[in-house]
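**Student:** 3D model of this:
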Amino acid sequence: MRFLLRNIMKTYHFEFETNLPIPLAEAWDFFSSPLNLGKITPPEMNLVITSGYTDDSKMYPGLLISYKVSPILGIKMRWVTEITHIKDNEYFIDEQRSGPYAFWQHQHHFKEIRGGVHMTDILAYAIPYGIIGRIANRLFVARKLKKVFAYRQQQIEKMFGVYRER
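**Tutor:** Purely as a prediction, here's the structure:
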C-alpha cells in the first residue's frame, strides 16, 4: 500500500550539507542520539521525545521514537518515527510511521574528510490531501522545512565551532 501511495503522491526532496571540524565518532555520537534533536530544532516547534529513547539507549533498526511537536501555528501533534537502517559511523535513516506527512524519510550520512566530517541530510517527504497538499507545500510547508534545516545548520555550526567568513 505504501508503495502505491508514494507513486500517486507528489514527493519532494531536499539535500543539506555541512562540514564539521570534529572527529567522525563525535559527530556520530551526537547525531545518532534522538535526545540531541531538541538542541537543533527551532524552539517554537516545542519538540519533546515522549517514548522510545532514554539516555543510555543505543539506536537500532526498528527503534520507534514518539515525539510531540508543534510544526504549524503552535498546534501540538504526535509524531512517530522508526529507525529503519543503520550503518555505524556512516548513515542512519528514519521514517515517519504516524504524523503530519503522508510520507517522510530522512537520511543522515557521515563521511570522514580531512579536518573533520562531511554530513549530508537527504529528506524526502509527501503532503497528504492531494492538490490541497501540493498547494500547502508551495505556500508554506517547503519554506518551513527549509527554515527548520537552516536553524539546524546554524545551531550545529555554533555547537561545533564552525565559523564562516562573511
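**Student:** quick one: distance of the lengthiest helix in the chain to the chain centre.
**Tutor:** Secondary structure of the chain per DSSP state H: the longest helix is helix 142-159. On the basis of CA atoms, centre = their mean, to the nearest Å, helix 142-159 sits 10 Å off its chain's mean C-alpha point.
**Student:** do the same with stretch 94-104
**Tutor:** Its chain's C-alpha centre and that of stretch 94-104 lie 11 Å apart, by CA atoms, centre = their mean.
**Student:** tell me the contacts of the spatially most central residue of the chain?
**Tutor:** The centroid of the chain falls nearest to His106 when counting by CA atoms, centre = their mean (5.3 Å). The neighbours of His106, taking CB atoms under 8 Å, 6 or more residues apart in numbering as the test, are 81, 93-95, 121-123. For every residue, glycine as well, the C-beta is placed using N, CA and C.
**Student:** hang on, it in a strand?
**Tutor:** Yes - assessed with DSSP: H, G, I helix; E, B strand; the rest coil, His106 lies in a strand.
**Student:** just list whatever residues bridge to it.
**Tutor:** Here His106 shows beta-bridge partners Asp94, Leu123, assigned using DSSP bridges.
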